[in-house]
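Participant: Need coordinates for the below:
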Amino acid sequence: MLRRSAVGTLGGMSLLALGLAPVASTPSSASAGELESSRISLHSKAVDLTDLKAARPLAAEGLDTPTQPYVTKDGEVVSVTRIEGEVVGPTVEETVEAELLAAVSAKSGVHLDWSDIEESAEYSVYRDGRLLGVVKDSHYSDPSVKPGASHSYLVEGIRKLPPRQVHDPDTGEVHSVVDEVGYSFFTPVTVPFAGTLKGVERAAEVSIQSAASKTTTFQYKTFIAEPKAWWIPTCTGDVGWYFAGDNRGYSSTTGSSRTHVVVTANWASKKLTHSKAVGPTKLYNEVGLLYGTKTASSSNIKVNTIAINATLAKFQIDHLAQDPFCPPVGGVWYKITFSMYKSGQWIASGSRRPVPHHEAYVRHDAKSWYVVLRAKREWPSWQVDNPKPNMLCLLGICGNRNITGNGSF
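Facilitator: Below you'll find the predicted structure:
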């Protein structure tokens, strides 16, 4: 369980959780019970965070994250950032956005500390999408950053759910499937140029000045890579029938798709716009004659705005497209929460059905697309030797896969 402590906050993050005290109070003003209930306490020895005093507000405005400079007892200025955490899984859907992860950025590096994840044996720590290490403790220090650099960090823990039984409609057999719940904590962090307020301000200003783009666009596509996708039970037709595929590889610009969602943030107007498209489905009989062409409805593909301002756009795509030749069960499904920053960073979390192929990209203005996700279609585990590609996982019998990642573009 994720718990929160009812103590003072700094930009929504618990001050006691950081081991910090606001200027108007002292650590001794809190009871022992409050201190013990804290879910976050910085373990790093590289930065002495005792007896901190708030520095004056940053001169630069428009920071991507709620960041505040604090002065250590040794006189060094460090940048303290509140980080949001998201809990995403196939059977558990909950979003928590407070007091989960603390980041302190100093001239000695970036120091992360996060709440323990129940039943998670280890945590993977990523910087800009690259794995830094796997740890068992709920804290990590990254001394390899350069002064003034901007990075995005992600901490991921995985917990397996109890096995559940699924029925194979093709053979009638029952198989055991184990789903996983992914816990993700993430944030953009800018490293100070020096351990002074001026150094922190300069890093913030550089980060803001680098974000000169007018728009940022995200696109998510699903497609059938093969020329044919063989018929599955419950759909119109019989054994030997097949659906036409898109017959292509991964591409941000060319080729047909089963579904295509595009979301664009206009930073000047602070507005999000989106479009959605569904490709036609063609069904052929066993001798290769076209039985019919239909196009699935896009009414169950929904784009919801979570937040939009001058530097951050956050939204959720809740996607379900069902084969028009099949009963209203199963279908191409995914749910993704995506944050894109004007400073050129992105964070993704969610879950997807592992069929068909999935791909997602992000870019500023009309620049080159940056890869967010590329995931191949899967078959049921008991059909790995099947020479014919099929879409049985559309029925939801294969479990779901986590979408977790972050990076820069």
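
Participant: Okay, now the unreliable bits of the stretch 201-350 of the chain?
Facilitator: Applying pLDDT under 70 to the stretch 201-350 of the chain flags residues 201-212.

Participant: where exactly do the strands run in the stretch 51-200 of the chain?
Facilitator: Taking DSSP state E, counting those that start in this stretch as the criterion, the stretch 51-200 of the chain carries its strands at 53-54, 67-71, 77-88, 93-106, 109-114, 123-127, 130-135, 139-142, 150-160, 164-167, 174-177, 180-190.

Participant: Average pLDDT for the third one, rounded please.
Facilitator: Right, the one you point to is strand 77-88. On average, the pLDDT along strand 77-88 is 56.

Participant: which ones are touching N300?
Facilitator: Contacts of N300 were listed using Cβ atoms under 8 Å, 6 or more residues apart in numbering, and they are 319-322. The C-beta positions use only the backbone N, C-alpha and C, and glycine is treated the same way.

Participant: So which of these are in strands?
Facilitator: Mapping the contacts of N300 onto strands (DSSP state E) picks out 319-321.

Participant: Nearest to W346, out of the residues you listed: which one, please.
Facilitator: When these are ranked by distance to W346 (Cβ to Cβ), H319 comes first, at 18.1 Å.

Participant: unless I'm mixing things up, that closest one is touching R258, no?
Facilitator: No - here H319 does not reach R258: they are 10.7 Å apart, not a contact under Cβ atoms under 8 Å.

Participant: Common neighbours of these two, please.
Facilitator: Listed contacts common to H319 and R258 are V332; contacts here mean Cβ under 8 Å, 6+ apart.

Participant: Okay, S251 and H357: tell me how far apart.
Facilitator: The spacing between S251 and H357, counted by Cβ to Cβ, to the nearest Å, is 11 Å.

Participant: the more surrounded of the two?
Facilitator: Neighbours were counted for S251 and for H357 using other Cβ atoms under 10 Å; H357 has more, 23 against 14.

Participant: And the pLDDT at the closest residue to G109 other than its chain neighbours?
Facilitator: The shortest distance from G109 to any non-neighbouring residue, by Cβ to Cβ, 6 or more residues apart in numbering, is to P143 (3.8 Å). You'll see P143 listed with a pLDDT of 87.

Participant: Please, where are all the helices along the protein?
Facilitator: The residue ranges that make up the helices of the chain, judged by DSSP state H, are 15-18, 32-37, 197-209.

Participant: what about G288, how many neighbours?
Facilitator: When neighbours are defined as other Cβ under 10 Å, G288 has 10 of them.

Participant: Tell me if I'm right that Y341 and A310 touch.
Facilitator: No - between Y341 and A310 there is no contact under Cβ under 8 Å: 10.6 Å.

Participant: Report how many residues lie close to the residue lying closest to V239 once chain neighbours are set aside.
Facilitator: Take V239 and drop its neighbours on the chain: the residue closest to it by Cβ to Cβ, 6+ apart is W231, 6.8 Å away. W231 has 24 neighbours, counted by other Cβ under 10 Å.

Participant: Is W231 in contact with Y284, as I believe?
Facilitator: No - taking Cβ under 8 Å as the definition, W231 is not a contact partner of Y284, at 9.1 Å.

Participant: Quick check: neighbours shared by those two?
Facilitator: Residues touching both W231 and Y284 comprise 241-243, with contact defined as Cβ under 8 Å, 6+ apart.

Participant: Out of those, which comes closest to G133?
Facilitator: Distance to G133 across those (Cβ to Cβ) is lowest for F243, with 43.8 Å.

Participant: The closest one: neighbouring residues, count only.
Facilitator: A count of nearby residues for F243, using other Cβ under 10 Å, gives 23.

Participant: Next one: the nearest residue to it once chain neighbours are set aside from A149, what distance?
Facilitator: Nearest non-adjacent residue to F243, counting by Cβ to Cβ, 6+ apart: A229, 4.5 Å away. With distances taken as Cβ to Cβ, A229 is found 45 Å from A149.

Participant: When the two are compared, which one has more neighbours?
Facilitator: More neighbours sit around A229 than around the other of A229 and A149, counting by other Cβ under 10 Å; the figures are 24 against 16.

Participant: ok, now which ones touch the more buried one?
Facilitator: 242-245, 356, 389-391.

Participant: and if you look at N285?
Facilitator: Taking Cβ under 8 Å, 6+ apart, one finds 237, 240-241, 291 in contact with N285.

Participant: quick one: which of these sit in strands?
Facilitator: Y291.

Participant: biggest separation within the contacts of N285, which pair?
Facilitator: Maximum pairwise distance in these, criterion Cβ to Cβ, is 11.8 Å, between G240 and Y291.

Participant: Show me this structure divided up by domain.
Facilitator: Taking automatic domain parsing as the domain assignment, the ranges for the chain are 9-209, 215-408.

Participant: which among the contacts of N300 gets closest to V362?
Facilitator: When the contacts of N300 are compared for distance to V362, the smallest value, 16.8 Å, is given by H319; criterion: Cβ to Cβ.

Participant: Tell me what that closest one is bridged to.
Facilitator: I301, Y334 (DSSP bridges).

Participant: Tell me, how many residues neighbour it?
Facilitator: Neighbouring residues of H319 were enumerated by other Cβ under 10 Å; the total is 24.
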